[in-house]
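A.B. asks: Predicted coordinates and the sequence they were generated for:
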Amino acid sequence: MFCVRSLIALSLCCTSLVASADDWPQWMGPQRDNVWRETGIVDKFPDGGPKVLWRTEVAGGYAGPAVAGGKVFITDYVSQQNVKVDNFDRKEFTGEERVHCLDEATGKTLWTHKYPVKYTISYPAGPRCTPNVDEGRVYTLGAEGDLICLDVADGKVLWSHDLKAVYGTRAALWGYAAHPLIDGNKLLCLAGGEGSHIVAFDKLTGKEIWKSSTSPEQGYSPPTIIEFGGVRQLILYRPDAVSSVDPETGKEFWSVRYEASNGSAIMSPVMLGEYLYVAGFSNRSLLLQLDSTKPGAKEVWRDKQNVICAVNVQPFVVGDILYGFDQKGVMRALRIPDGKRLWESTAPIGQRPADSSTAFIVQHEDRFVMFNELGELLLAKLSPEGYTEIDRAKVIDQTNNAFGREVVWSMPAFANKHAYIRNDKEIICVDLAK
């Protein structure tokens, strides 16, 4: 689900985030662009790997941590049933979702908020969405649509919505997985239901400001704001269309038909100059050229072979090159607008290609920090010529399953010269200071 070196054309003026450069207060970091801007980070890992400063026990989940104001926020799911399974069926599980607030320096639990949830989804290990920390509040979205605003200080619930009940819908096959976006006084969140594919809530009160669009189901693509054609546009990658709406009113600017396989609109749309790119399962790709004079878009090509169909990991843009993992489990470099594949590699995973193999991609200065599904941190260079590895180190165990193999599928946070990484048993703080 997301300017040069940015996978989402989203500027600081589009959000009211109050965060220092050392924080990672939401999905993909302070500017929601997967760029880590701290200095003084290691050039290579020490012998034996980077030091783990603390470990704190957690339960299952795919949601990454958020780090802000000396605190770490992480969500999980506790059940007496075996929820660490990969399946493509809806099954029911009973348990509790939890929101934990930890001390950043020690990993000590400061408070926990928990609530009962019945899961009816596939891959039921736990929540998917990274918490969002803003102005003394933390916002979480559970796998079954529990949207909650809590006080950062003590975990008190300030407001909450059961999105399924309010908007007359049900969770998509893989649950609610589209990370909400804060835009000024609004919290933008996929809800689902008739006329409420996306809803803008007052972030302080939870009151609905507007709702917009109808789609066969929610999909999983986080809302994305760009500025193009002279206006700010909220881009929605839905299972049946790519559309643009006014982020202040929800009124639709334009829409282009899209047919997602199994409802799997997952990645956030990415901007490369005047072009907007999305792709998902079964090579369902679409490149649009945006109108520079007004809100509008026209199709350049669709369903091109050998592109990047991102189903787990958000791709990364550098200039006119898109780097990311394809559904086949290989990393590729794709040139836009011609869609030429420049190279592909299995090196970041280090083994034969497997369905949906995953390594999260974060830029740091002139290289990249990556975290793969084997629980390894990688330092690497990416260029139009290829992938060049600098170093790698195993830091955490694989505790879940996917396609018959052991994986860890959760994006780290990077702040305070540390990496914060979770699996289904623990969250760890890894020292990456030079």
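C.D. replies: Now that the structure is in, tell me what you want to look at.

A.B. asks: List the residues that contact Asp431.
C.D. replies: Neighbouring residues of Asp431 by Cβ atoms under 8 Å, 6 or more residues apart in numbering: Pro50, Lys51, Val52, Leu53, Lys417, His418. Every residue, glycine included, has its C-beta placed from N, CA and C.

A.B. asks: most neighbours, which of those?
C.D. replies: Sorting the contacts of Asp431 by how many neighbours each has (other Cβ atoms under 10 Å) puts His418 first, at 25 neighbours.

A.B. asks: isn't that residue right up against Ile427?
C.D. replies: No. Assessed by Cβ atoms under 8 Å, His418 is found out of contact with Ile427, at 11.6 Å.

A.B. asks: Can you tell me which of the contacts of Asp431 is closest to Asp22?
C.D. replies: Distances from Asp22 to these, taken as Cβ to Cβ, are shortest for Lys417 (8.1 Å).

A.B. asks: Cross-check the contact I'm expecting between that closest one and Ala433.
C.D. replies: Yes. Checked against Cβ under 8 Å, the pair Lys417 and Ala433 is within contact range at 4.0 Å.

A.B. asks: Quickly list what's touching both of these two.
C.D. replies: Residues touching both Lys417 and Ala433 by Cβ under 8 Å, 6+ apart: Gly40, Ile41.

A.B. asks: Now, the contacts of Asp431 that are in strands?
C.D. replies: The strands, defined by DSSP state E, take in Val52, Leu53, His418 from the contacts of Asp431.

A.B. asks: got TSV for those, with pLDDT and distance to Arg352 too?
C.D. replies: Below are these laid out as TSV (pLDDT from 0 to 100; distance: Cβ to Cβ, whole Å):
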residue	pLDDT	distance to Arg352
Val52	98	30
Leu53	98	34
His418	98	33
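
A.B. asks: Show me which of those is closest to Thr214.
C.D. replies: The closest of the ones in strands among the contacts of Asp431 to Thr214 turns out to be His418 (Cβ to Cβ; 42.7 Å).

A.B. asks: ok, now how distant is the closest one from Pro131?
C.D. replies: According to Cβ to Cβ, to the nearest Å, His418 and Pro131 sit 17 Å apart.

A.B. asks: How about Arg170?
C.D. replies: For Arg170, the distance to Pro131 (Cβ to Cβ) stands at 23 Å.

A.B. asks: same check, this time on Phe316
C.D. replies: Phe316 is 22 Å from Pro131, where distance means Cβ to Cβ.

A.B. asks: Those two - which one has more neighbours?
C.D. replies: Applying other Cβ under 10 Å to Phe316 and Pro131 shows that Pro131 carries more neighbours, namely 30 against 24.

A.B. asks: so what's the more buried one up against?
C.D. replies: Contacts for Pro131 (Cβ under 8 Å, 6+ apart) come out as Gln26, Ala63, Pro65, Ala66, Phe73, Ile74, Thr75, Val99, Val138, Tyr139, Thr140.

A.B. asks: rerun that using 6 Å as the cut-off
C.D. replies: Residues counted as contacts of Pro131 (Cβ atoms under 6 Å, 6 or more residues apart in numbering) are Ala66, Phe73, Val138, Thr140.

A.B. asks: Just the ones in strands from the residues you listed, please.
C.D. replies: Ala66, Phe73, Val138, Thr140.

A.B. asks: Now which of these would you call buried?
C.D. replies: Taking 16 or more other Cβ atoms under 10 Å as the criterion, what is buried in the ones in strands among the contacts of Pro131 is Ala66, Phe73, Val138, Thr140.

A.B. asks: Is it possible to get a markdown table of these that adds distance to Leu188 and pLDDT?
C.D. replies: A markdown table is the format used below for those (distance: Cβ to Cβ, whole Å; pLDDT from 0 to 100):
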| residue | distance to Leu188 | pLDDT |
| --- | --- | --- |
| Ala66 | 17 | 98 |
| Phe73 | 19 | 99 |
| Val138 | 16 | 98 |
| Thr140 | 15 | 98 |
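
A.B. asks: Let me have these in a markdown table, adding distance to Gly192 as columns.
C.D. replies: Below are those laid out as a markdown table (distance: Cβ to Cβ, whole Å):
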| residue | distance to Gly192 |
| --- | --- |
| Ala66 | 24 |
| Phe73 | 25 |
| Val138 | 23 |
| Thr140 | 18 |
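
A.B. asks: Which residue ranges of the stretch 251-400 of the chain form strands?
C.D. replies: Using DSSP state E, counting those that start in this stretch, the strands found in the stretch 251-400 of the chain span residues 252-257, 270-272, 275-280, 284-290, 297-302, 316-318, 321-325, 331-335, 341-345, 359-364, 367-372, 376-383, 386-394, 400-402.

A.B. asks: Pull the residues that contact the helix or strand hosting Ser244.
C.D. replies: For Ser244, the host element (DSSP states H and E) is strand 241-245. The contact list for strand 241-245 (Cβ under 6 Å, 6+ apart) reads 212, 233-236, 252-258, 278, 295.

A.B. asks: Please write out the alpha-carbon positions of stretch 221-235 in CSV.
C.D. replies: Written as CSV, here are the backbone C-alpha positions of stretch 221-235 (Å, rounded to 0.1, in the frame of the first residue of the first chain):
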residue,chain,number,x,y,z
SER,A,221,-4.3,-0.9,-0.4
PRO,A,222,-3.6,1.9,2.0
PRO,A,223,-5.0,5.3,1.0
THR,A,224,-2.4,7.6,-0.7
ILE,A,225,-2.4,11.3,-1.2
ILE,A,226,-0.6,12.9,-4.1
GLU,A,227,-0.4,16.5,-5.4
PHE,A,228,-0.8,16.7,-9.2
GLY,A,229,-2.9,18.5,-11.8
GLY,A,230,-3.0,21.5,-9.5
VAL,A,231,-4.8,19.8,-6.6
ARG,A,232,-4.3,17.3,-3.8
GLN,A,233,-5.8,13.9,-4.8
LEU,A,234,-6.6,10.9,-2.6
ILE,A,235,-5.7,7.8,-4.7
